[in-house]
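[1] Please work out how this folds:
(2 chains)
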2 protein chains.
Amino acid sequence: MTATDLPGSALVVGCGLIGTSVALALTARGVDVHLRDAVPGVAEVASSIGAGSVEPVTDPDLVVVAVPPTVVPATVLSALQEFPHAVVTDVASVKRPVAAAVAGTPGAERFVGGHPMAGTERSGPTAGSALLFEGRPWAVVPLPESTPEAVALVTAVVSALEAVPTSFAPDEHDEAVALVSHVPHLVSVLTAGLLASAPRAHIDLAGPGLRDVTRIAGSATGMWLQILDSNSAAVTTLLQSLRGDLDRVLDALGAGGDVLTGRLSDVLDAGRAGTQRIPGKHGEVRTESASVFVPVEDRPGVLSQLMSDIGESGVNIEDFRIDHEYGRPVGLAQVEVAADRADHLTSSLTARGWSAYR
Amino acid sequence: MTATDLPGSALVVGCGLIGTSVALALTARGVDVHLRDAVPGVAEVASSIGAGSVEPVTDPDLVVVAVPPTVVPATVLSALQEFPHAVVTDVASVKRPVAAAVAGTPGAERFVGGHPMAGTERSGPTAGSALLFEGRPWAVVPLPESTPEAVALVTAVVSALEAVPTSFAPDEHDEAVALVSHVPHLVSVLTAGLLASAPRAHIDLAGPGLRDVTRIAGSATGMWLQILDSNSAAVTTLLQSLRGDLDRVLDALGAGGDVLTGRLSDVLDAGRAGTQRIPGKHGEVRTESASVFVPVEDRPGVLSQLMSDIGESGVNIEDFRIDHEYGRPVGLAQVEVAADRADHLTSSLTARGWSAYR
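    The predicted structure follows:
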């Protein structure tokens, strides 16, 4: 096998959503995949849906450790020991603990950490899908002593799973996920928490903005406690920065008038600039887009007809959302298209009988 | 005219997005609408798209004040004086300032405040649409001295515009919008602000969660400074509460281990409980829903085919989103359906050649 080929054989340790999905995808690509799980019967379930074999393996080329975050370091160390020729990777969402545990130990040169930015709200082997990683970022996190061959193998696996590999040092990775995932999650949770004890009538005024901000707070709490515990340093640094900004907002609100205007104007501008740095479609710089709104009746077939009519207008959809209307059986479709196509789409839909407006 | 009929004639003062939309909707319902705007030519533009007449009116039944927030109180007071038989309402997004200015003045019994929870990212008369208020909450905010007839007229107008009227006292309204709109906006802005100076590679790991939380921070800053200034008291109260919760999170992160687990577990649970109080489809209690994921090629017609195939499966769509994939010309459609229909939809789409998974 050359360094950029896929491994001939692999052992997946931990058959939850991620482990089973990796196993399914590798099996689909011809790798001889073996499965192991600490909980009796779980590997068998994964095997039954085609993820691989539960027969023991003696000398795999690759071991993928996909166990719960807190047991990743020990599992990686024991895999390096048990399989002295294997490259070992993991999928934990925080990388410092495993890097610190493995660096300097025998076999550390065969370890390359990993973190696929993928998941669904479901868990367990039956939620696994070989498609889970398509187009998703996947952080590849080598140790200083990782061999180029080990890095190349893990990168080849990530690419074969149709994810997009990006290389990070462990500290840098953990700062990055604190920024793009852990802190936004906590902020969403704190905002949603304000609703818990609010009067019903207040919440009834909610619009799509509140739903957007609080959506991820509604997801299963699952592994969040372990993630936040293991990345508390990077999360704390960013939350303290946010707290400083929040204090400046409170000061400005207290001052009122011109002071408020000047300071909050800076805060609002910084936020807007921040959103423009988030990768848009295809990872390109965001193009200027515009929304066309279309009230739609809430019954099967209506959205299909709308999509069909949009398709016939020749305008490509950048984004599409439905906001279900408060108190009535109708939804408002928000169709995001290139700014210079919005007028054409509006008139084209109007001509086809829709009440479209910008 | 009886109290629950629409007014025979109305004057709309301020022909921006909201004023023009109200004028278009009232004109469409047979009301004799007149238009006025402080900026020369603006009322004429609104009139040219069918919003009403720019001829002066001497004795309108209703005056709708839709001017920028800071000039609402003075404009309402002068309308009550100029038109001694008219019911006067406004559309400002903060209600305490106008209520405080009008209460106890001559004609105050003819004033009933209002606040439609609607808007688009566009502004100006040409962005106006008679459909803008369909199904949206619209707060109706009387003064203690408002007559029942005045309240009934404003409520009738709101209902005729197909919005959903809800009655609030001014203080209560401002606390409610601080909760569902102003504080979430600031939180989104503060989170997005963290991205402004972050390394490019960190932001490239962003997923849909970050996009959700920061989406509204990317909208035009427009009237936000005026809104935050005029509602600083209610916003401050809630932000201080959020700051207390944030401090508790920071304490827990610093403590680590069991203390972290216990305290953050409470925070995450409260957030989840909060999201469950947001009105779902049709204002009902949220039903249990589940996501089906479908990778879709990014070209015209593909979404139309997907929608058509979903339609033929007989499963109704609760929500639909597209997450454009980082680095490749494919998107991931997330189709939200009733939880007990997700498996059927997945197998139905798979049978039609889609790579659907849950």
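[2] does any bit of the helix or strand of chain A with the lowest mean pLDDT sit next to chain B?
    Least confident helix or strand of chain A, by mean pLDDT, DSSP states H and E, is strand A:319-324 with a mean of 76. Yes. Using C-beta under 8 Å from any C-beta of the partner chain, strand A:319-324 comes into contact with chain B via A:Asp319, A:Phe320, A:Arg321, A:Ile322, A:His324. For the C-beta atoms, the positions are set from N, CA and C on the backbone; glycine is no exception.
[3] show me the contacts for the third one.
    Going back to what we said before, that points to A:Arg321. A:Pro208, A:Ala333, A:Gln334, A:Glu336, B:Asp319, B:Phe320, B:Arg321 (C-beta atoms under 8 Å, 6 or more residues apart in numbering or on different chains).
[4] Which of those residues has the largest number of neighbours?
    Counting neighbours by other C-beta atoms under 10 Å in any protein chain shown, A:Ala333 leads the contacts of A:Arg321 with 23 neighbours.
[5] Check the gap between the closest residue to A:Val45 other than its chain neighbours and chain B for me.
    Excluding its sequence neighbours, the residue lying closest to A:Val45 (C-beta to C-beta, 6 or more residues apart in numbering or on different chains) is A:Pro125, at 4.7 Å. Distance of A:Pro125 to chain B, computed by C-beta to the nearest C-beta, to the nearest Å: 13 Å.
[6] in terms of contact, does A:Pro125 touch A:Gly50 like I think?
    No. At 10.8 Å, A:Pro125 does not count as touching A:Gly50 under the criterion of C-beta atoms under 8 Å.
[7] now the strands: where do they sit in the stretch 51-200 of chain A?
    All strands of the stretch 51-200 of chain A, identified by DSSP state E, counting those that start in this stretch, fall at A:62-65, A:87-90, A:112-116, A:137-142, A:164-167.
[8] quick one, which of those is nearest to B:Ser304?
    Proximity to B:Ser304, assessed across these by C-beta to C-beta, is greatest for strand A:164-167 (27.6 Å).
[9] Which secondary structure elements does that closest one sit against?
    strand A:137-142, helix A:148-160 (3 or more C-beta pairs under 8 Å, 6 or more residues apart in numbering or on different chains; DSSP states H and E).
[10] hey, which of those is tucked in deepest?
    Ranked by mean neighbour count, these are led by strand A:137-142 with a mean of 25 (mean count of other C-beta atoms under 10 Å in any protein chain shown).
[11] CA atoms of that strand as CSV?
    Only the C-alpha atoms of strand A:137-142 are listed here, as CSV (Å, rounded to 0.1, in the frame of the first residue of the first chain):
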residue,chain,number,x,y,z
PRO,A,137,-15.1,20.1,6.9
TRP,A,138,-12.9,17.4,8.7
ALA,A,139,-10.1,18.7,10.8
VAL,A,140,-6.9,16.6,10.6
VAL,A,141,-4.8,17.2,13.7
PRO,A,142,-1.3,15.6,13.7
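[12] Please name the strands paired to it in the sheet, noting orientation.
    Sheet pairing for strand A:137-142, assigned by DSSP bridges, gives strand A:112-116 (antiparallel), strand A:164-167 (parallel).
[13] In stretch A:254-270, which residues are buried?
    A:Ala255, A:Leu260, A:Thr261, A:Arg263, A:Leu264, A:Val267, A:Leu268, A:Ala270 (16 or more other C-beta atoms under 10 Å in any protein chain shown).
[14] And for stretch A:236-243?
    For stretch A:236-243, a neighbour-count test (16+ other C-beta under 10 Å) marks A:Thr236, A:Leu238, A:Leu239, A:Leu242, A:Arg243 as buried.
[15] Does the second one touch A:Val183 like I think?
    Yes. The pair formed by A:Leu238 and A:Val183 meets the contact definition of C-beta under 8 Å, at 4.8 Å.
[16] B:Arg277: which of the contacts of A:Arg321 is nearest?
    Within these, proximity to B:Arg277 (C-beta to C-beta) peaks at A:Pro208, which comes in at 16.0 Å.
[17] what's the neighbour count on the closest residue to the closest one other than its chain neighbours?
    Spatial nearest neighbour of A:Pro208, excluding adjacent residues (C-beta to C-beta, 6+ apart): A:Asp323 at 4.9 Å. The number of residues packed near A:Asp323 is 17, by other C-beta under 10 Å.
[18] bridging residues for A:Asp323?
    Bridge pairing for A:Asp323 - DSSP bridges - gives A:Leu332.
[19] Can you report how many residues neighbour whatever residue of the stretch 1-150 of chain A ends up closest to chain B?
    The stretch 1-150 of chain A approaches chain B most closely through A:Gly135 (2.9 Å), counting by C-beta to the nearest C-beta. If you count neighbours by other C-beta under 10 Å, A:Gly135 ends up with 22.
[20] That one and B:His344, how far apart?
    26 Å (C-beta to C-beta, to the nearest Å).
[21] same check, this time on A:Leu153
    Applying C-beta to C-beta to A:Leu153 and B:His344 gives a distance of 40 Å.
[22] swap in A:Ala201?
    Per C-beta to C-beta, A:Ala201 is found 37 Å from B:His344.
[23] Over to A:Gly256?
    56 Å.
[24] ditto for A:Asp343
    39 Å.
[25] Pull the residues that contact the helix or strand where A:Asp251 lies.
    Using DSSP states H and E, A:Asp251 sits within helix A:232-255. Applying C-beta under 8 Å, 6+ apart, the external contacts of helix A:232-255 come out as A:96, A:174-175, A:177-179, A:182-183, A:186-187, A:228, A:259-260, A:262-264, A:267, B:186, B:190-191, B:193-194, B:228, B:232, B:235-236, B:239-240, B:242-243, B:246-247, B:249-250, B:253-254, B:256, B:260.
[26] Could you export that helix as CSV, CA atoms only?
    Coordinates of each C-alpha in helix A:232-255 appear next as CSV, following Å, rounded to 0.1, in the frame of the first residue of the first chain:
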residue,chain,number,x,y,z
SER,A,232,-13.1,24.8,29.0
ALA,A,233,-10.0,26.8,28.5
ALA,A,234,-10.7,27.9,24.9
VAL,A,235,-14.4,28.4,25.6
THR,A,236,-13.6,30.5,28.7
THR,A,237,-11.3,32.8,26.8
LEU,A,238,-13.9,33.5,24.2
LEU,A,239,-16.8,33.8,26.6
GLN,A,240,-14.7,36.3,28.6
SER,A,241,-14.2,38.3,25.5
LEU,A,242,-17.9,38.2,24.8
ARG,A,243,-18.6,39.3,28.4
GLY,A,244,-16.4,42.3,27.9
ASP,A,245,-18.3,43.2,24.7
LEU,A,246,-21.6,42.7,26.6
ASP,A,247,-20.5,45.0,29.4
ARG,A,248,-19.7,47.7,26.8
VAL,A,249,-23.2,47.3,25.4
LEU,A,250,-24.7,47.6,28.8
ASP,A,251,-22.5,50.8,29.5
ALA,A,252,-23.7,52.2,26.2
LEU,A,253,-27.4,51.5,26.9
GLY,A,254,-27.0,53.1,30.3
ALA,A,255,-25.4,56.2,28.8
